[in-house]
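> give me a 3D structure for the following:
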Amino acid sequence: MDQLTLLFVVLLASILSVPVGSRLKLPPPVLMTVLGIVLALLPFVPDVHIEPELILPLVLPPLLYAAAQRTSWRQFRTNVRPILLLAVALVLVTTAVVAAVLRQLVPGVPVAAAVALGALISPPDPVAATAVAGSIGLPRRLVSVLEGEGLFNDVTALVIYGVAIGATVSGTFSAPGALGRLVFSAVIAVAVGWVLGWGSARLMGLLGDATLQVGLSLLVPFAAYVIADQLGGSGVLAVLICALHLGAHAGDEDDVSYRLTGTAFWEVVELLVTGMAFGLIGLELHTVMVSVDGHWRGMLGDAAAVIAVVVLVRFVWLLPAAWFSRLLSHGGAHGEDEPLSWQETVVMWWAGMRGVASVALALAIPRTIDGGGPFPERDRILFVAFCTVLFTLLVQGLTLPLLVRLLGVGADSAAEERTERELWHRATRAGLARLKELVAEGELPDEVVERLRRRQRDRLIRALPETYDESQRAAARERMAYAERFREVEREMLSASRREMQTARSEPGADPELVDRVLRSLDLRSARP
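Okay, the predicted model is just below:
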């Protein structure tokens, strides 16, 4: 098997992991990690050769962009306290405690090298948290906080990691310089992300075509990451700022084609890149074992101690942090997206899984320092980091669904359904208001106005039936049954039209591009509710 064949195997497994994970009630990232480990142990599977410094720029931008597109500035502001407590404060605390423990276990290791280990394993992976949380039906407020933590914690960890590696290699460290670098990195990232987001939003409006707009959306996250990184800023933060700005300002509300195309495209990209990233974690097992060269048994105790520290620090931090965050929220009132119970806090604790960023940072540790000497305890740091990632992904990832069921933590489906129906009610009333304005502006046939008004009122009754009397509901049900039959016939007619276009496409002299254009219009018409 060559590396190209291995790539296709991993991508195919990424697709199959979704239905398999759904059937087994297991998160797809965990399954892909297990598959990667199995492949790494097979003698005929080649070693993966990807430069460590390329892993983050290739994997993180599309995944962060896709995740950020599902959130908003308002959601971030709502969760700003728990996000800062987790994405900044907890990363700093975890890094410090891990460094202190490693220094106790290995007295000769330099402080900066120990800090590097703490920094690279302190941030939970945003992709793992989002994929696992979404697959087991957690409450939306928990998913929001976990997503926010995962999206922003890499910013803090990457800066600490860079400072620690630089100090180890050069042998010098400056606390003011490290703080200045953190501030400078954030400022550059915000500037790059905002400028690219602003420019991309306007360029998308000029492009007009959905294919070109989606192509631009693929390039933007990579550009934000690389430009910010080249200027000394945080590529992760730049991608987040850019994605949030685009989500708030890009696109016309009537640009249905772009939204349909873009949503489908990014779902495919996220599926394949996520599977590849977690498959890569398992495949790197061989690289790590070769690096430690048979000394791994003597490092198991260190790995176990660091894993215990990582898990316990998150638990010890979360309980008082959740209480403190609620206390600050309106004198003890609960924020709408903050944990409301100890059960939810326990779930948040166990959901702190590490992922591809930790593996990439560990592999990127230089082998030598200035002067030609070896990087202190590089093999030990690499092995401990890899064990931490595997434990949090496999042990915590596999047991998280069981923990959620035991604690009875789940999404409030009734409340979500009620909110969705209220949104439909609000959207329908806006349509009625616009119809009233159009009637006032110019003449419309009475039968057209009445038909449109009746259709919108039926949608109002369907959205919130309890607000209307029985006679209105009965009349609406009768009209909706008639409308459903009408739509069934229309769907059959559209299906026949598509079959005819498929036949026309294969006829001699047919222009496939023109046929596809008609087919797309028919598809969009079928997608209308």
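> and Ala13, how many residues sit next to it?
The criterion is other CB atoms under 10 Å. On that basis, Ala13 has 19 neighbouring residues. All C-beta spots, glycine's among them, are computed from the backbone N, C-alpha and C.
> buried stuff in the helix or strand containing it?
Ala13 is part of helix 3-24 when elements are defined by DSSP states H and E. By neighbour count, with 16 or more other CB atoms under 10 Å as the criterion, the buried positions of helix 3-24 are 6, 10, 13-14, 17, 21.
> just checking, what packs against it?
Using 3 or more CB pairs under 8 Å, 6 or more residues apart in numbering; DSSP states H and E, the elements in contact with helix 3-24 are helix 28-41, helix 256-283.
> looking at the last one now, give me its mean pLDDT.
This points to helix 256-283. The predicted model assigns helix 256-283 a mean pLDDT of 86.
> do stretch 156-163 as well
Across stretch 156-163, pLDDT averages out at 86.
> please apply the same query to stretch 506-525.
Stretch 506-525 shows a mean pLDDT of 79.
> likewise stretch 198-213?
For stretch 198-213, the per-residue pLDDT values average out at 87.
> and it, C-alpha only, in PDB?
Taking C-alpha atoms only, stretch 198-213 is exported to PDB below (Å, rounded to 0.1, in the frame of the first residue of the first chain):
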ATOM      1  CA  TRP A 198     -14.500  42.800   5.300                       C
ATOM      2  CA  GLY A 199     -12.900  42.400   1.900                       C
ATOM      3  CA  SER A 200     -14.200  38.900   1.300                       C
ATOM      4  CA  ALA A 201     -17.800  40.000   2.100                       C
ATOM      5  CA  ARG A 202     -17.700  42.700  -0.500                       C
ATOM      6  CA  LEU A 203     -16.000  40.500  -3.000                       C
ATOM      7  CA  MET A 204     -18.600  37.800  -2.600                       C
ATOM      8  CA  GLY A 205     -21.300  40.400  -3.400                       C
ATOM      9  CA  LEU A 206     -19.500  41.400  -6.600                       C
ATOM     10  CA  LEU A 207     -18.900  37.700  -7.700                       C
ATOM     11  CA  GLY A 208     -22.600  36.900  -7.700                       C
ATOM     12  CA  ASP A 209     -22.100  33.300  -8.900                       C
ATOM     13  CA  ALA A 210     -22.500  30.700  -6.100                       C
ATOM     14  CA  THR A 211     -19.700  28.500  -7.400                       C
ATOM     15  CA  LEU A 212     -17.200  31.400  -7.300                       C
ATOM     16  CA  GLN A 213     -18.400  32.500  -3.900                       C
END
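> now the helix holding Ala13: how far from the chain's centre is it?
19 Å (CA atoms, centre = their mean, to the nearest Å).
> go on, stretch 400-409?
Averaging C-alpha positions (CA atoms, centre = their mean) puts stretch 400-409 22 Å from its chain's average.
> that stretch: which residues count as buried?
Within stretch 400-409, the residues that qualify as buried by neighbour count (16+ other CB under 10 Å) are 400-401, 403-404, 409.
> try stretch 167-174
Using 16+ other CB under 10 Å as the test for burial, stretch 167-174 gives 167-169, 173.
> quick one on the thing from earlier: which ones among the buried residues of stretch 400-409 lie within strands?
For these, membership in strands holds for none, with DSSP state E as the criterion.
> picking that back up, tilt between the helix holding Ala13 and helix 256-283?
100 degrees (axes from the mean of the first three to the mean of the last three CA atoms, to 10 degrees).
> tilt between helix 3-24 and helix 28-41?
140 degrees.
> which single one of the buried residues of stretch 400-409 is nearest to Arg499?
Taking CB to CB as the measure, Arg499 lies nearest Pro401 of those, at 43.1 Å.
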